[in-house]
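Asker: From the sequence below, what's the structure:
(one chain, ligands or ions: 1)
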Amino acid sequence: MMGDEQKRQTPPHRQRCPTCNAARQGERICRRCKSDLSILVQLEGYADGLRRRAQHCYARGWYRQAASLAQTAVSLESSPENLRLLACACLLSGDFARAWRTAKQLTRSAGSQ
Ligand SMILES: [Zn+2]
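Answerer: Sure thing, here's the model as predicted:
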């Protein structure tokens, strides 16, 4: 049975090898250029774990902890999903300046896609 995380569509920036741009699906070695992607895959997994922990805290109303975890997730991967979570957690924890900066970053990243 697949978890929610696996059912989500793979974000576009995770669908290509950063070396040769071949399609990938989480493999540790690129099937075309044979680049070792194991550290990248590990970091993606770590960022996913941080986001899940941040979502867990957010759902319980622990917004400062959620913002802290989401900030770390964003530092690894500034995906729209991580940025949205960070902006909302900052907003609800009263850190309006960081919420605003994050919302602007989200708008810029949406414009570049
Ligand atoms: Zn490659």
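Asker: going forward, measure contacts and count neighbours with C-alpha atoms only.
Answerer: Fine.
Asker: quick one: the longest helix that the chain contains near the ion?
Answerer: In the chain, with assignment by DSSP state H, the single longest helix is helix 38-59. No. In this structure, helix 38-59 remains apart from the ion according to C-alpha under 5 Å from the ion; the gap is never smaller than 12.3 Å.
Asker: Give the next helix or strand downstream of that helix.
Answerer: Moving toward the C-terminus from helix 38-59, the first helix or strand encountered (DSSP states H and E) is helix 63-76.
Asker: from the chain's centre, how far out does the helix or strand following that next one sit?
Answerer: Per DSSP H and E, the first helix or strand lying C-terminal to helix 63-76 is helix 80-93. Helix 80-93 has its C-alpha centroid displaced from the chain centroid by 12 Å (C-alpha atoms, centre = their mean, to the nearest Å).
Asker: can you give me the angle helix 80-93 makes with helix 38-59?
Answerer: With axes from the mean of the first three to the mean of the last three C-alpha atoms, to 10 degrees applied, the angle from helix 80-93 to helix 38-59 works out at 30 degrees.
Asker: what pLDDT, on average, does helix 80-93 get?
Answerer: Average pLDDT, helix 80-93: 97.
Asker: tell me what that helix is packed against?
Answerer: Using 3 or more C-alpha pairs under 8 Å, 6 or more residues apart in numbering; DSSP states H and E as the contact test, the elements touching helix 80-93 are helix 38-59, helix 63-76, helix 96-111.
Asker: got a list of contacts for that helix?
Answerer: With C-alpha atoms under 8 Å, 6 or more residues apart in numbering as the contact definition, helix 80-93 has outside contacts at 51, 54-55, 58, 63-64, 66-67, 70-71, 73-74, 96, 98-100, 102-103, 105-106, 109-110.
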